[in-house]
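J.: Let's see this in three dimensions:
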Amino acid sequence: MHAHLANSIKILAGNSHVDICEKIAARLGIPIASVGAFQYTNTETAVAIGESLRDEDVYIIQTGCGEINDFLMELLFMINACKTASSRRITAVIPNFPYARQDKKDRSRAPITAKLVANLLQTAGCDHLITMDLHASQIQGFFRVPVDNLYAEPSVLRYITENYERDDILMVSPDAGGAKRVASLADKLDVQFALIHKERQKANEISRMVLVGDVSDKICILVDDIADTCGTLCKAADLLLENGANKVVCMVTHAIFSGNAIEKLNNSKLDKIVTTNSLPVEDKLEKCSKLEILDISPTLAEAIRRLHNGESVSYLFNNVPE
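T.: Numbering: from 1, shown residues only. Model (predicted):
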């Protein structure tokens, strides 16, 4: 990072994932700006800005996790604080976009909450959004401002090629919805792929799974964007091993791991779970020996650098920054 950038770019850290903010700031070679969000005793969120942001290019890093609504409000207030402090451009860097799974009207009287979140961000004063592996890419169309949806795919590809022989592996999608994502990976690796068809009774409860494709004698690499309760992944591992797979490895972008997910993973037949740090997962490492973390902060930092300098961001769709 060149010294002259330090004057015109500001990194702000939300409280959801301070670790990744520090990694991004360190990579860009700039300090995190002295802006903080805290809660009053009555749990109201307040934002305090400790330095001038006038005419600055501001990047606020906050991910959707944990106390999701508190962190969302915190982000909105921080955006609005920058807006009223006359920042030139405010970019929200949200690796895991909150409410991304509520992206369509899939039943009567259901809200399209992801669209509401987009409206809230824009009302607060957001000029630009950087996110990663959006659950549904059409969420980009919910915004009137530019959205850069980065992909974990280059990091995932690099991990697979460094750790596995091409002839031994087979890519698997745990549901029909992720087939496109997995087909793209299989294509780039030049390997076969299989998919699992789920018949759901209600959300987060699976009734029956059907495997489409031959997995015998292969290391199956399950790929998904979100691992939440991990029920699907554990059941998928059982199904693949029953159908002759050698072992099953799972790769996910957003490791939400809610409820007793870690316990499920520990007791599952999954050999390994590889996830990015789009959400804070460092604390889960000691609880789950099967967990491995891919650091995506270089990709986010490079996206910030490129945006700030007016360079193309699409390079990052196929490359991992060195």
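J.: Which parts of the stretch 51-200 of the chain are helices?
T.: In the stretch 51-200 of the chain, the helices defined using DSSP state H, counting those that start in this stretch lie at 68-84, 113-124, 153-163, 179-189.
J.: Which elements pack onto the second one?
T.: This points to helix 113-124. When contacts are defined as 3 or more CB pairs under 8 Å, 6 or more residues apart in numbering; DSSP states H and E, helix 113-124 sits against helix 68-84. Any C-beta I mention is one placed from the backbone N, CA and C, and that applies to glycine too.
J.: pLDDT weak spots in the stretch 201-322 of the chain?
T.: 203-206 (pLDDT under 70).
J.: quick one: the helices in it?
T.: 231-242, 261-267, 297-308.
J.: So which of these is nearest T84?
T.: Closest to T84 of those is helix 297-308 (CB to CB; 21.9 Å).
J.: The closest one packs against which elements?
T.: strand 9-13, helix 18-28, strand 57-61, strand 89-94, strand 128-132, strand 147-150.
J.: can you redo the ones you listed as a markdown table with mean pLDDT?
T.: Listed next are these as a markdown table, based on pLDDT from 0 to 100:
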| stretch | mean pLDDT |
| --- | --- |
| strand 9-13 | 96 |
| helix 18-28 | 97 |
| strand 57-61 | 98 |
| strand 89-94 | 98 |
| strand 128-132 | 98 |
| strand 147-150 | 98 |
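J.: With mean neighbour count as extra columns, can I get these in TSV?
T.: TSV is the format used below for those (neighbours: other CB atoms under 10 Å):
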stretch	mean neighbour count
strand 9-13	23
helix 18-28	19
strand 57-61	25
strand 89-94	25
strand 128-132	22
strand 147-150	19
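J.: export those to TSV and tack on distance to N319?
T.: As requested, these are exported to TSV (distance: least, CB to CB, whole Å):
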stretch	distance to N319
strand 9-13	22
helix 18-28	16
strand 57-61	21
strand 89-94	19
strand 128-132	15
strand 147-150	11
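J.: Any idea which of the ones you listed gets closest to K290?
T.: Distance to K290, taken as CB to CB, is lowest for helix 18-28 among the helices and strands packed on helix 297-308, at 20.8 Å.
J.: Note down every partner strand of the helix or strand just after the closest one and its orientation.
T.: Using DSSP states H and E, the helix or strand that follows helix 18-28 towards the C-terminus is strand 35-39. When sheet partners are counted by DSSP bridges, strand 35-39 sits next to strand 45-49 (antiparallel).
J.: could you give the angle of the strand it pairs with to strand 9-13?
T.: Strand 45-49 runs at 150 degrees relative to strand 9-13, counting by axes from the mean of the first three to the mean of the last three CA atoms, to 10 degrees.
J.: The residue nearest in space to the middle of the chain: what's it in contact with?
T.: For the chain, the residue nearest the mean C-alpha position is N96 (3.9 Å; CA atoms, centre = their mean). Counting by CB atoms under 8 Å, 6 or more residues apart in numbering, N96 touches T63, G64, C65, T131, M132, T253, H254, I256, S278, L279.
J.: for C82, same thing?
T.: L12, V35, I49, L53, V58, I60, I90, G125.
J.: what does V281 give?
T.: Residues near V281 by CB under 8 Å, 6+ apart: A255, F257, T275, L291, I293.
J.: Adding distance to S8, write the residues you listed out as JSON lines.
T.: Output for these, formatted as JSON lines (distance: CB to CB, whole Å):
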{"residue": "A255", "distance to S8": "34"}
{"residue": "F257", "distance to S8": "38"}
{"residue": "T275", "distance to S8": "34"}
{"residue": "L291", "distance to S8": "38"}
{"residue": "I293", "distance to S8": "32"}
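J.: mind listing which of these are in strands?
T.: Secondary structure defined by DSSP state E assigns A255, T275, L291, I293 of the contacts of V281 to strands.
J.: ok, back up a step: return the closest of the contacts of N96 with respect to I219.
T.: Out of the contacts of N96, the member with the shortest distance to I219 (by CB to CB) is T253, at 20.1 Å.
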